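>>> structure of the sequence below:
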Amino acid sequence: MLSDAERDRAAELLRTAELDARPIPPLRESFPGIDVVDAYEIQLRGIRRRLASGATVYGHKVGLSSKAMQEMMGVDEPDYGHLLHDMVLSEDTPVDTSRYLLPRVEVEVGFLLGADLPGEGCTVEDVLRATEAVVPSIELIDSRIADWRIGLEDTIADNASSAGVVLGRERRKPDELDLTAIDAVLWKNGEQVASGRSDAVLGNPAIAVAWLAEKVASFGVRLEAGHVVLPGSCTRAYDVVAGDTVTADFTGLGSVSLSFV
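Numbering: from 1, shown residues only. This is a model prediction of the structure:
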């Protein structure tokens, strides 16, 4: 367990690394006593500072919710992070890769909430009732930890490696399609690099949203109407560099693209 001063210092190191695009060593090395509770408190300290500086909450994300992502990152449970309005990307504006360290993209079925979710005891039925629409999305992730050498505590503290999100134009009611059987294909520079299905995310992405609502409630955070919630990637993450264009296609849910300069 870390002291409050150590938690503040860790949050400051991560924010400086993000602003300067200069990575830091794993927090597990710099703060050997760090645990998961410390990591969530470090994340919240960083988010509170950004909110105090004028940022607003756009939504929330579940990370590492699929077996593919857990194996890729060497962890065995999900994590969560905040999405802020300054992380919102546009299909029409290329992403400046110089702002990031080692960016990667993930393919996700996003949830747009039309009502607040309960915290403790949140169910899939609660999620479906509160969801105004599901949307095609690409999440941009990045690690302020050098060379993605992350453990669970590192990525939690680093706001679940959040960096950006773009939503496609399509909107579908959750009862208009089978949320467990949405096929997703990721194209990179015109070549198919990955395919997956929405049930890779805990068997049903709505389960991940319900898990998130209950998890964040223990830290005094709520998933509210108007928030976008990303439940986790249908496939592993893929690196992107300047000059790349990626497109994610979803059966029954349209597509979404990002380009990078």
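>>> what about residue 33, how many residues nearby?
Applying the criterion other C-beta atoms under 10 Å, we find 10 residues in the vicinity of residue 33. Where you see a C-beta, it was placed from the backbone N, CA and C, and this is true even at glycine.
>>> next secondary structure after the helix or strand of the chain with the lowest mean pLDDT?
Taking all helices and strands of the chain together, the one with the lowest average confidence (mean pLDDT, DSSP states H and E) is helix 67-73, at a mean of 59. Sequence-wise, the next helix or strand downstream of helix 67-73 (DSSP states H and E) is strand 79-84.
>>> which other helices and strands contact the next helix or strand after that next one?
Sequence order places strand 104-113 as the next helix or strand after strand 79-84, per DSSP H and E. Taking 3 or more C-beta pairs under 8 Å, 6 or more residues apart in numbering; DSSP states H and E as the contact definition, the neighbouring helices and strands of strand 104-113 are strand 131-141, strand 183-188, helix 205-217, strand 228-230, strand 238-239, strand 245-250.
>>> strand 104-113 vs helix 205-217, what angle?
Computed with axes from the mean of the first three to the mean of the last three C-alpha atoms, to 10 degrees, the direction of strand 104-113 lies at 80 degrees from that of helix 205-217.
>>> can you show me the CA trace of strand 104-113 as CSV?
Extracted as CSV, the C-alpha positions of strand 104-113 are listed here (Å, rounded to 0.1, in the frame of the first residue of the first chain):
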residue,chain,number,x,y,z
ARG,A,104,-2.7,1.0,-30.8
VAL,A,105,-6.3,0.6,-31.9
GLU,A,106,-9.1,-1.6,-30.6
VAL,A,107,-12.4,-2.6,-32.2
GLU,A,108,-15.4,-2.2,-29.8
VAL,A,109,-19.2,-2.1,-29.8
GLY,A,110,-19.9,1.1,-27.9
PHE,A,111,-22.9,1.8,-25.6
LEU,A,112,-24.5,5.2,-25.6
LEU,A,113,-26.4,5.6,-22.3
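>>> can I get the helices and strands packed on strand 104-113 in CSV with distance to residue 122?
CSV is the format used below for the helices and strands packed on strand 104-113 (distance: least, C-beta to C-beta, whole Å):
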stretch, distance to residue 122
strand 131-141, 12
strand 183-188, 25
helix 205-217, 4
strand 228-230, 11
strand 238-239, 31
strand 245-250, 25
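>>> please work out which of the ones you listed is packed deepest.
For the helices and strands packed on strand 104-113, the stretch with the most neighbours on average is strand 228-230, a mean of 26; neighbours defined as mean count of other C-beta atoms under 10 Å.
>>> adjacent strands (with direction) for that strand?
In the sheet containing strand 228-230, the strands it pairs with under DSSP bridges are strand 57-63 (parallel), strand 104-113 (antiparallel).
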